[in-house]
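S.K.: Here you go, sequence then predicted model.
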Amino acid sequence: MDESSASAPPKVIAGADPFGALLKDTLVAHLRSLNIEVEDLGTGPYYSIAAEVGRHVSEAADTKRGLLACGTGCGVSMFANKFRGVFAATCLNTGDAINARSISNCNVLSVSGLYTPVESAIDIVDAWLKTPFKSPCPASNNEPWSEEIQNFLDNSLAEIPKIGGSQLAPETCAICCLVKNRELNPINIIPGGSMKIIRENPTSAIVRFKAGSVEPAHHHTFGHDLVVMEGKKKVWNLSKKEEYDLGVGDYLFTPAGDVHRVYYIEDTQFFIKWDGHWDMFFDEDLETAKKTVENELV
């Protein structure tokens, strides 16, 4: 966004974890009272809701900004910043918001649901909305930036996204490194699958399936989030009568109790997190599932 973006209300994508939900709802209402279009993604775990907001802003950074809230405002900021073109900052006062917009062209504002009063948060949002990139700010003693600094800030918009670009190969992915050189254990109840649990209740795991594998229709006691790290898979949510084609970087949340069937188009690896412990209840046998998948893919 350039300096003119501050005068035109952008579309704001909002989300929060449970610790920031009340503050987020208040700020969404405030933004709408200013006739600013808001898409509220609701409440979820701080990493997944922040990733969703980050992804939306990354896809249209020229026309969208993001608003996130969690307990401290820090966790959501870190996860939103995983997306190229996103400049998220945690702001605890109006000075932070003005500095973040002026110096860093901040397009995702993160606030603290536990430590920031509502009145202060509204002032922070207003300052963030009204401050153009490169404008005078507390860091510049509220004086215009010199031409040298303004040129530096202009160049930073092109240079910052390049940082770490040579280190983004799949083998250096932070999640992949969790299981690199570790053995995944076979999922005996489903041929072709293997899994490594890396945290218990709430459960996080890395899962792999060979191409052609089928997970029969099943459900879980708890909802789960997943992110595909490599490969391709197709998911049928039979409860909602919806289909999803997922590739690298795609995210999917399946609510507790929803019956779903999965087919692996390629060798696939993904990160998955259950809200509670891991369990699996089958709603059909493997042979029935394979025949159904064959018919669906014809």
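M.R.: The structure has been received and is ready for your questions. Numbering: from 1, shown residues only.

S.K.: hey, which helix or strand in this structure has the poorest pLDDT?
M.R.: helix 174-177 (a mean of 59; mean pLDDT, DSSP states H and E).

S.K.: Quick check: next helix or strand after it?
M.R.: strand 185-186 (DSSP states H and E).

S.K.: Contacts for stretch 37-49, please.
M.R.: With CB atoms under 8 Å, 6 or more residues apart in numbering as the test, stretch 37-49 has contacts from 9, 11-19, 21, 24, 28, 31-32, 52-53, 56, 67-68, 70-71, 75-76, 79, 225, 251, 253, 273. (Glycine included, C-beta is placed from N, CA and C.)

S.K.: Pull it out as PDB, backbone CA atoms only.
M.R.: The C-alpha trace of stretch 37-49 is given here as PDB (Å, rounded to 0.1, in the frame of the first residue of the first chain):
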ATOM      1  CA  GLU A  37     -15.700  -3.500   5.000                       C
ATOM      2  CA  VAL A  38     -14.800  -6.300   7.400                       C
ATOM      3  CA  GLU A  39     -14.600 -10.000   6.800                       C
ATOM      4  CA  ASP A  40     -14.600 -11.600  10.200                       C
ATOM      5  CA  LEU A  41     -13.100 -15.100  10.100                       C
ATOM      6  CA  GLY A  42     -14.100 -15.700  13.700                       C
ATOM      7  CA  THR A  43     -12.200 -17.500  16.500                       C
ATOM      8  CA  GLY A  44      -9.800 -20.300  16.300                       C
ATOM      9  CA  PRO A  45      -6.400 -21.500  17.600                       C
ATOM     10  CA  TYR A  46      -4.000 -18.600  17.400                       C
ATOM     11  CA  TYR A  47      -1.700 -20.300  14.800                       C
ATOM     12  CA  SER A  48      -4.500 -21.300  12.400                       C
ATOM     13  CA  ILE A  49      -6.600 -18.200  12.600                       C
END
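
S.K.: Name the residues of it that are buried.
M.R.: 38, 40, 41, 43, 44, 45, 46, 47, 48, 49 (16 or more other CB atoms under 10 Å).

S.K.: Next step: those restricted to strands.
M.R.: Assigned to strands by DSSP state E, the following of the buried residues of stretch 37-49 qualify: 38, 40, 41, 43.

S.K.: want to throw those into a markdown table with distance to residue 260 and pLDDT?
M.R.: Shown next, in a markdown table, are those (distance: CB to CB, whole Å; pLDDT from 0 to 100):
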| residue | distance to residue 260 | pLDDT |
| --- | --- | --- |
| 38 | 31 | 95 |
| 40 | 26 | 96 |
| 41 | 22 | 94 |
| 43 | 22 | 93 |
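
S.K.: Tell me the one of those residues nearest residue 142?
M.R.: The closest of those to residue 142 turns out to be residue 38 (CB to CB; 30.0 Å).

S.K.: how close does the closest one sit to residue 129?
M.R.: Counting by CB to CB, to the nearest Å, the gap from residue 38 to residue 129 is 12 Å.

S.K.: and if you look at residue 195?
M.R.: 45 Å.

S.K.: Please apply the same query to residue 211.
M.R.: On the measure of CB to CB, residue 211 and residue 129 end up 48 Å apart.

S.K.: Looking at those two now, which is surrounded by more residues?
M.R.: Between residue 211 and residue 129, residue 129 has the larger neighbour count (other CB atoms under 10 Å), namely 20 against 14.

S.K.: Quote the end-to-end distance of stretch 11-27.
M.R.: Length of stretch 11-27, first residue to last, CA to CA, to the nearest Å: 14 Å.

S.K.: Over to stretch 136-144?
M.R.: 5 Å.

S.K.: Touching that stretch from outside, list them.
M.R.: So stretch 136-144 is contacted by 95, 98, 99, 101, 102, 103, 131, 145, 149 (CB under 8 Å, 6+ apart).

S.K.: Got a PyMOL select line for the buried ones in those?
M.R.: In PyMOL, this line selects whichever of these come out buried by 16+ other CB under 10 Å:
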select buried, resi 98+99+101+102+103+131+145
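
S.K.: okay, the contacts of stretch 136-144 in CSV with distance to residue 188 next?
M.R.: Compiled in CSV, the contacts of stretch 136-144 are given as follows (distance: CB to CB, whole Å):
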residue, distance to residue 188
95, 58
98, 58
99, 55
101, 54
102, 58
103, 55
131, 57
145, 63
149, 62
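
S.K.: Name the nearest of the contacts of stretch 136-144 relative to residue 217.
M.R.: Nearest to residue 217 among the contacts of stretch 136-144, with distances taken as CB to CB, is residue 101, at 49.2 Å.

S.K.: tell me the SS of the closest one?
M.R.: helix (DSSP: H, G, I helix; E, B strand; the rest coil).

S.K.: That one contacts residue 128, correct?
M.R.: Yes - Residue 101 is in contact with residue 128 according to CB atoms under 8 Å; the separation is 5.9 Å.
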